[in-house]
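**Q** following is a predicted model, sequence given first.
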Amino acid sequence: MSSRTVGPYPTQHYVHLASIESSFLRNEVRKTFHAYPIDIRRPERGYRVEALECGTCGQPLAFTVLSIPSAKRARMRWAGLALLGMATVFLGFARLAESDQVVHAGGPDLSAVWGLAGMGGILLFFYALMKLAGEDGVRGPGWFFGYGKHGLRWPPRGGREGA
C-alpha cells in the first residue's frame, strides 16, 4: 500500500501548466507548473464535490474529495487489482508452459490465449501499482498520463502532509 498518510485535507496539489520549452538539439522538453494546494476538507462519509478557482488563469476546477475511509478503501481496491494482475500472470504463464502437453494429448491449442492472459496480467499489475502509489482520495482535472492545462501532482518534498 501507499506509504502516504490520509489526512483531513488532500496531500496532492493541483497544477497549472505555465509553459512548455523544447530543445530540438538536445531532445528534451521542459514543462513549468504552478502548484496550488487543494483546500477542501474531507467529509466524514462519502465524498464532496467542490469547485476551486485556478490561481493562475481563474478557471473553475471541479474536485471530488473522498472521505478518509473511502480513500483507504480506494487504496485497498488498487492493491487487490495488483494482486489479481499478479495471479493472472502466474496462472497464464503456468498454463502456457503446460499447453504443449495438452496439445500432444489431443486437446485444443490454447497457448495464444494463455500467453495473452499473462501479458494482460502484467499490464493490470503495473497499472494498478501506479494508481495505488498515486491514490490520495481526490479526483480532479487532467488525464492519467497527460495534463492538458490542469492536473494533479504530489507537492515537492516538505509539502503539506494532510494538515
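**A** Yep, it's here. Numbering: from 1, shown residues only.

**Q** from H13, how far out is the most centrally placed residue in the chain?
**A** For the chain, the residue whose C-alpha lies nearest the mean C-alpha position (CA atoms, centre = their mean) is K131; its distance is 2.5 Å. For K131, the distance to H13 equals 18 Å [CB to CB, to the nearest Å]. (Glycine included, C-beta is placed from N, CA and C.)

**Q** any chance of the backbone angles for the closest residue to G121 other than its chain neighbours?
**A** On the basis of CB to CB, 6 or more residues apart in numbering, the spatially nearest residue to G121 that is not a chain neighbour turns out to be T88, at 3.1 Å. When quoted as degrees, to the nearest 10, the phi and psi of T88 stand at phi -70, psi -40.

**Q** ranges for the helices of the chain?
**A** Taking DSSP state H as the test, the helices found in the chain are 68-104, 111-134.

**Q** pipe those into a markdown table and attach mean pLDDT and distance to R42 per row.
**A** Output for those, formatted as a markdown table (pLDDT from 0 to 100; distance: least, CB to CB, whole Å):
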| stretch | mean pLDDT | distance to R42 |
| --- | --- | --- |
| helix 68-104 | 90 | 6 |
| helix 111-134 | 91 | 17 |
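
**Q** which among the ones you listed is found nearest to C54?
**A** Ranking the helices of the chain by distance to C54, with CB to CB as the measure, places helix 111-134 first at 20.9 Å.

**Q** which parts of that closest one are buried?
**A** Burial within helix 111-134, assessed by neighbour count using 16 or more other CB atoms under 10 Å, is assigned to 111, 114, 117-118, 121, 124-125, 128-129, 131-132.

**Q** which strands and helices sit next to it?
**A** Contacting helix 111-134 under the criterion 3 or more CB pairs under 8 Å, 6 or more residues apart in numbering; DSSP states H and E are the following elements: helix 68-104.

**Q** isn't K131 right next to W78, touching?
**A** Yes - taking CB atoms under 8 Å as the contact criterion, K131 and W78 are neighbours in contact, 4.8 Å apart.

**Q** which single one of the buried residues of helix 111-134 is nearest to L17?
**A** If you rank those by distance to L17 using CB to CB, K131 comes first, at 21.9 Å.

**Q** mind listing what the closest one touches?
**A** Taking CB atoms under 8 Å, 6 or more residues apart in numbering as the contact definition, K131 lies against 78, 81.
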